[in-house]
Each structure stands twice: as C-alpha cells, then as structure tokens.
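Below are the sequence and a predicted model; questions follow.
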Amino acid sequence: MRFSPPILFAVLLLIGGLLVTPAVFGQQQGRQALEKEKKQNIEKMNQLRTVLRKTSSEKNVSLGQLKILDQQIQVQSKQIGLLNKDIRLTESEIAELRKTSTALSRDLNTLKTEYSAMIYNADKRRQQVNPLGFLFASDNFNQLVARYRYLRQYSDARQNQVRQINRIQGELQTKEQIRQRKRQQQKGTLVAKVGETKKLEGLKDEKNQVVKALSAKESELQTELTESRRAVAQLESMITRIVARERAERVRREAEARAERVRLARVAKAEAARRTAERKRAEEAVAAAQKAGEAPNPTDVARAERPAEPEPAAPKPDERSNTNLNREETALASSFGASRNHLPWPVNRGFISDHFGRRPHGVLKGVYVENQGVDIQTNAGEGVKTVYDGIVQDVASMPGMNNVVAIQHGDYFTVYAKLKSVSVRVGQRVKAREAIGTVATDKNGISEIQFQIWKEFTKLNPESWLSPR
C-alpha cells in the first residue's frame, strides 16, 4: 500500500518541524555567546567589588577609588545592556516556539483528519468485504500472499499514523512547557534588570560623593599631580636613556664588526699581493736559469707553477636590519611584533584603571594628564610577570614609581613600574609569564602597576597589545 499525497505531505511537515531550523540554530548560538559574555562580565563585577571593598576600608578617599567606581559603572552599564539583549533574545525564542507550535498544530490536525478518513474507509470496506473472505477468495497462493501483505501494510500505516499523532502531541506539549519556562526566565531577567539598574544608580551616587570629597582636597590633588608628573618624567628619562644606550651599543658593535671586516679584507689583499709578487719573482728566476742553460731552482719552479691568486672578495656586511639588530634580535623583535592583541597580562587579576594617552583629570577642572602606558589595578601582593621573552636591561627605584623593571625584546621594550619587590637582575634572560616581582600598595590602599610598551623611542598603547579580557 502506498501513502496518499496528503499523508506523505504531513509526514514531511512532521519531520521538518522536529528538525532545528536555521532561525533556531542562530538563536542557540546567540544564547551561548550571550551567556558566556554575561558570565565574564559578572566575574569582572565580582573582582571590582573585591578591590573596592579593600580600598573603601581606607579612611581617605582617593583617585584610585574613583577609578574603581568609574570601572564599576562601566561594567554595570554593560550588564544592564546584556540583560536587555537577553530579554530581546528570549522574546525571539518565544516567538519561534509559538511559530513552531502553530505549524505542529496544523500538522496534527492534518494527520487527525487523514486518520479519521482512513478509519472510515477501513470500516466501510470491512462492511463490504470481510478480511478473511478477502484472503481466502484468492485464486492462488501468490495472490493470497500479495493480499496478506496489502492488509499488513494498511494496518502498519494506521499504526504509524497513530504514532505520528502521539509524537506531535508530545512535541506540542514540550514546546508549550519550554515557552512557559522562557516566559518565567524573561520575568526573572526583568527583575534582575531592575536590581542592576538600582545598583548602577547607587554607584553613580557613590561616585558623586567621592568626587565631592576629592574636590575639597584640591591642593592635595595638585601636589599629587605635580609629584606624579615628576615621576613620569623621571621614568621616561630612564627608558629613553636605556633605548639610546642600546641603540648606541648596537651602532658600536656594528662599527666594530665593519672595521674588523675591513681589516681582514686588507690583510687578505696584502697576502694575495705578496703571493703574486713571489710568484712573479719565481717565474723570472726560472726563465733566467733556462736562458743560461742551467737547471732552475725546484723551489722557484714550484712557486712559478702555483696558480694565480684570485682577487679578494669585497667584505660582506653583517646580516643586520636598518636598526642594527643582529639576527637573533631581529627574530625576537619580529615575533614580539606579531603578538599584538595576544600578549598575556602582567598580572593574573585586575583591570585597566587608567588608559593610554591624554585625558581630562578626574576631578580638577581644566587640567589634563597624560599616561604613557596603562595603569592596572589589582589585589595587594599580586605577582607581576613579564609578557614576553627578553633581557632585563634595568632595575631601578624612583619616587612615585617604587621599583621599575625594563625588559628588552629586540627593538621593543616593556616597562613594569610601581613594584613592591623585584626578583630579577640586570642582564638576566627571562621567559614569557616569568615572575619578576610583586605589585606595590600605596598609602590609600591602591595596588596598581604602570605598564608601558616602547618601540625604540616611540610609546605604544599597551591595550592594543594585551589579549582581551
């Protein structure tokens, strides 16, 4: 027995309804990405709360505390945006479930109608022809087998129709349960959004209070700013001196190598000239002996028969780049340059509390400050690690910056300032993620490192080099 076109169409609809459609697949991917982003943002919020609790325990408000609040407001605003995105995605998921349920209901009605027609026709045939009589009325055994198969297929088709109906009914019930659950989740997200919005308003109020308290300490802030600028200038002078020293050293090495190549070329040329003159004298002595009818001196014969000296090749320059880097330094600089946006952070936990470049002061009106790197706030006693293989070029201590470590990576340099302790020495080769010290904590309870990246004398924005967090 063959299925009628309406039954076949319904079966195809059933199969299509149970498969994951492109829209549903896209929603699933969007949901996974959203949940991952929400989880990461919540982790940031928890880290910031931990840092803020420690700094809030200090009696005096500080710019560091203000930076944390600014970061918290930013992360809190992002969390509200993610919740809004969650609400919209849930609404889309509910709409897709409703659409799927409608299609399944339509398929179910079609199957029920066809099943009713099938039962009616079966009863009608049974009244007209008894199944046993239909079988035993066969003309031969082969016809009997064919009629038995026909009846069996017809019975199987009815049972399959029942299974399809039950399957769709179960699917409809499942879809409805999922839709109700999504509605409850959406309500929960709306409640969470209201709570996060209240937290955001609380953070903004707290920030206003800190700004107000800091504004009353304008003279202290001016003094801190002056000291900070002095420390920044001293650090810049240190790095500039290191870069200039390394460049001069590379130039000196290149000059020495060039002078050595010239000296060796001169020696080779003089030796070639001496051998040529010796050969020429030997040839003349042999010719004179032969002319006089005498036996030439064997030594003169050997020298005269010696092949002519080739012209000494011009000295080849050392394989260096236009910055006088040798092969090893060039390879290191190249691999460092290829690590943009992939460098590990110098601390395991923390956030960028002050960005690269020029910006208005957080409190003082009309005052601008410039950061030559980034400030990263973290926990007290946090370990500091190098971000790439290199050579320690300097370890220094200076007011306002505590301990400073400068590491060379070819013609790139990374700088780690505001360290409490240092565990490396000048000239030491270090590997990426190797410990170099611990972060210092200032009088206001702020644990923060200053991290810089230079290429020769050019300051680079570290945020575009560190891996995203």
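Perfect, I can see it now.

Now for R433: which residues touch it?
With contacts taken as CB atoms under 8 Å, 6 or more residues apart in numbering, R433 has the following neighbours: 344, 385-387. In this view, the C-beta of every residue, glycine as well, is placed from N, C-alpha and C.

What lies in contact with the top strand by length along the chain?
When the chain is parsed with DSSP state E, its longest strand is strand 412-422. Residues external to strand 412-422 that are found in contact with it (CB under 8 Å, 6+ apart): 235, 239, 242-243, 333, 336-337, 346, 373, 381, 384, 386-388, 390, 393, 395, 401-407, 436-441, 448-455.

In terms of secondary structure, what does the host helix or strand of R88 contact?
Secondary-structure assignment from DSSP states H and E places R88 in helix 63-128. Using 3 or more CB pairs under 8 Å, 6 or more residues apart in numbering; DSSP states H and E as the contact criterion, the elements in contact with helix 63-128 are helix 5-18, helix 22-56, helix 141-215, strand 351-354, strand 374-377.

let's see 10 Å
With contacts taken as 3 or more CB pairs under 10 Å, 6 or more residues apart in numbering; DSSP states H and E, helix 63-128 sits against helix 5-18, helix 22-56, helix 131-136, helix 141-215, helix 218-291, strand 351-354, strand 374-377.

how far off helix 218-291 does that helix point, in degrees?
90 degrees (axes from the mean of the first three to the mean of the last three CA atoms, to 10 degrees).

And stretch 447-460, end to end?
Distance between the boundary residues of stretch 447-460 (CA to CA, to the nearest Å) amounts to 23 Å.

quick one: buried residues of it?
Neighbour counts using 16 or more other CB atoms under 10 Å place 447-455, 459-460 of stretch 447-460 among the buried residues.

For my notes, confirm R306 occurs in a strand.
No: counting by DSSP: H, G, I helix; E, B strand; the rest coil, R306 is not found in a strand; it is coil.

Can you give me the neighbour number for it?
Residue neighbour count, defined by other CB atoms under 10 Å, stands at 14 for R306.

still on that earlier bit, any idea how far the helix holding R88 is from the chain center?
33 Å (CA atoms, centre = their mean, to the nearest Å).

per-residue confidence averaged over it?
Confidence for helix 63-128, expressed as mean pLDDT, is 78.

cool, stretch 191-211 as well?
Taken as a whole, stretch 191-211 carries a mean pLDDT of 85.

and the contacts of strand 412-422, which are buried?
Burial of the contacts of strand 412-422 was assessed by neighbour count (16+ other CB under 10 Å); the buried members are 235, 239, 242-243, 333, 336, 346, 373, 384, 386-388, 390, 393, 395, 401-407, 436-441, 448-455.

Identify those among these that sit within strands.
Among these, DSSP E puts 384, 390, 393, 395, 402-407, 436-439, 448-455 in strands.

Counting neighbours, what do you get for E93?
Neighbours around E93, by other CB under 10 Å: 21.

which ones are touching it?
If a contact means CB atoms under 10 Å, 6 or more residues apart in numbering, then E93 has 23-24, 27-28, 30-31, 178-179, 182, 185-186 as its contacts.

what's the spacing between I42 and G195?
13 Å (CB to CB, to the nearest Å).

Then S335?
As judged by CB to CB, S335 and G195 stand 47 Å apart.

same deal with E176?
If you measure E176 against G195 using CB to CB, the figure is 29 Å.

ok, now Q428?
Where G195 is concerned, Q428 sits at a distance of 51 Å (CB to CB).

Looking at these two, which is more packed in?
Under the neighbour definition other CB under 10 Å, Q428 and G195 were set side by side, and Q428 has more, 15 against 11.

isn't I42 right next to A192, touching?
No: under the criterion of CB atoms under 10 Å, I42 makes no contact with A192, lying 11.0 Å away.

Now list whatever residues contact both of those two.
Counting by CB under 10 Å, 6+ apart, the residues touching both I42 and A192 are Q79.

Show me which of the contacts of E93 are buried.
With neighbours counted by 16+ other CB under 10 Å, the contacts of E93 contain buried members at 27, 179, 182, 186.

what's the neighbour count on K175?
Using other CB under 10 Å as the criterion, K175 is surrounded by 19 other residues.

was I right about it contacting L108?
No: no contact is recorded between K175 and L108 when judged using CB under 10 Å, the distance being 11.8 Å.

if I pick S237, what's in contact with it?
The contact partners of S237, by CB under 10 Å, 6+ apart, come to M398.

now do the one 3 residues further on
With CB under 10 Å, 6+ apart as the criterion, the residues that contact T240 are 454, 456-457.
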